[in-house]
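>>> Predicted coordinates and the sequence they were generated for:
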Amino acid sequence: MNNDEILKSIISDPSIAPFVSGVTVFNEREGVFSDLPRDIDPRLEKALVRRGTKRLYSHQAEAWTSVRSGHHTVVVTPTASGKTLCYNLPVLQTLLEDTQARALYLFPTKALSQDQHSELSSLLTEGVEEENLPIRACIYDGDTPQSIRQDAREKARLIISNPDMLHTGVLPNHPRWIRFFSNLKYIVIDEMHLYRGIFGAHMANVVRRIRRIARFYGANPCFIFCSATIGNPRSLAQAILGDSVQLIDINGAPSGKKTVVLYNPPLVDAVAGIRRSVMNESQKWALAFLRQGIKTILFAHSRVRTEVIASYINDSLRNVFTANHGINVVPYRGGLLPLERRAIEKGLREGTIQGVVSTNALELGIDIGGLDAAIVAGFPGSFSSFWQQAGRAGRRQTESVAVFIASSSPLDQYIISHP
């Protein structure tokens, strides 16, 4: 059976069908392309072509023009639409043109920093060693050994860090970073939609500090923001930066067919409005997908839930004859050691892990390969988070399904009633 037939068979199951409150299909969409820029460095162009990038999506080309013109820019397109190239391309071009130029990338989590460093390194080292791009990129965060930090400060052209490390480890020690700050050309702030409320206010103050320090050393960096789809991207970026920002929000990337299923668990107490546990129902959906060979990610919104649900799923799959059906399901949460996190991310990309139960730690743009189904167990708190989690399945224009399982909370029930 293909994915469509598998989904129809699952939805028509008598234990599931009566509680499916809605199914919406988003059809596949063709991409809008542009040629590579005429003034791109031949070395960078060669590296892109080796990776299969012979054209840009329209929003990537628009970002190139905006950033190269010196405008602060915010790019707002869906998950897996190639936002990384929107900032990598103009930044690497400038670093190749000016051998003293520096750039700073800020990501909200260490896992995302590692993933983006891996992506950047593969681009810089594409091809034979003699043709590698002469740019050194280093991660500078709490996991970076002391022995490497001084070398990164002095020699790295591109530093990858996070707001906390910037606030506590870099800005208070700016005299050690004179060479870096005096040549700072670009600051990239990814996953901008996370910087809202109190956290966003802190981030805005950190941005003001770094701009003040950069000016002190004679630099005036251009800011590039990237965000999931939100309603007010320009005003949020301008609030964080304290300056005007150019908005790019028309997505040129192709997308595969996506089916979104809304599921309202059965009532166990009609008087009190209590429904079956989200943990049990999400486990049931995950098992249905995994047994059909569909790679699945399940978002549970607490660390305890991730461990418990992953344990339940593995117990349900395990029997003495089939040794877990050859299906490997793991929990992913904050608190795992860096090597454990990276092993899980690698297993998902390479296919040795077929399912993962995660907190919102995997909501962000970490490359976890071609997942086919995303299960969101309870409303994650914002619609941008929901679409980020739903978008973890179906990367690279593949067909996918996202299932929202409502809890008994009034907010979840309101969403189910007003899809």
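Great, that's in hand.
>>> mind saving the C-alpha coords of the helix or strand harbouring I416 as CSV?
Applying DSSP states H and E as the criterion places I416 in helix 410-417. The C-alpha coordinates for helix 410-417 follow below in CSV (Å, rounded to 0.1, in the frame of the first residue of the first chain):
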residue,chain,number,x,y,z
PRO,A,410,-10.7,23.8,27.1
LEU,A,411,-8.1,25.2,24.6
ASP,A,412,-7.6,21.9,22.8
GLN,A,413,-11.4,21.3,22.7
TYR,A,414,-11.9,24.8,21.3
ILE,A,415,-9.5,24.1,18.5
ILE,A,416,-11.2,20.8,17.7
SER,A,417,-14.6,22.6,17.6
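>>> Other residues contacting it?
By C-beta atoms under 8 Å, 6 or more residues apart in numbering, the surrounding residues in contact with helix 410-417 are S21, G22, L262, N264, G273, G378, F379, F404, A406. For the C-beta atoms, the positions are set from N, CA and C on the backbone; glycine is no exception.
>>> How about that helix, which residues are buried there?
Buried residues in helix 410-417, counted by 16 or more other C-beta atoms under 10 Å: D412, Q413, I415, I416.
>>> where does this structure have its least confident helix or strand?
One helix or strand of the chain scores below all others by mean pLDDT, DSSP states H and E: helix 338-350, with a mean of 81.
>>> now for that one, which elements pack on it?
helix 110-124, strand 329-332 (3 or more C-beta pairs under 8 Å, 6 or more residues apart in numbering; DSSP states H and E).
>>> for stretch 205-213, which positions count as buried?
By 16+ other C-beta under 10 Å, the buried positions in stretch 205-213 come out as V206, V207, R209, I210, R211, I213.
>>> Can you tell me which of those end up in strands?
Using DSSP state E, no member of the buried residues of stretch 205-213 falls in strands.
>>> residues making contact with the helix or strand just after the least confident helix or strand of the chain?
For helix 338-350, the following helix or strand on the C-terminal side (DSSP H and E) is strand 355-358. Strand 355-358 has contacts (C-beta under 8 Å, 6+ apart) with 286, 290, 295-300, 305-306, 309-310, 313, 327-333, 344, 348, 362, 368.
>>> The top helix by length along the chain: how far from the chain's middle?
Secondary structure of the chain per DSSP state H: the longest helix is helix 197-216. Centroid separation between helix 197-216 and its chain, computed with C-alpha atoms, centre = their mean, to the nearest Å, is 23 Å.
>>> what does stretch 371-380 give?
Distance of stretch 371-380 from the chain centroid (C-alpha atoms, centre = their mean) equals 15 Å.
>>> Give me the mean pLDDT for that stretch.
Across stretch 371-380, the average pLDDT comes to 92.
>>> From one end of that stretch to the other, what's the distance?
Taking C-alpha to C-alpha, to the nearest Å as the measure, stretch 371-380 stretches 20 Å from start to finish.
>>> so where is the stretch 51-200 of the chain shaky, pLDDT-wise?
Scanning the stretch 51-200 of the chain for pLDDT under 70 picks out the ranges 127-131.
>>> show me where it has strands.
Ranges of strands in the stretch 51-200 of the chain, per DSSP state E, counting those that start in this stretch, are 55-57, 73-76, 102-106, 137-139, 158-161, 184-189.
>>> could you say what helices and strands the fifth one packs with?
Packed against strand 158-161, as judged by 3+ C-beta pairs under 8 Å, 6+ apart, are the following elements: strand 102-106, helix 110-124, strand 137-139.
>>> Contacts for the second one next, please.
Under the contact criterion C-beta under 8 Å, 6+ apart, helix 110-124 has outside partners 47-48, 51, 84, 88, 92, 105, 107, 132-133, 135, 137, 139, 141-143, 158, 160-162, 190-191, 338, 341-342, 345, 361-362, 364-367.
>>> how much does that helix deviate in direction from strand 184-189?
Counting by axes from the mean of the first three to the mean of the last three C-alpha atoms, to 10 degrees, helix 110-124 points 130 degrees away from the direction of strand 184-189.
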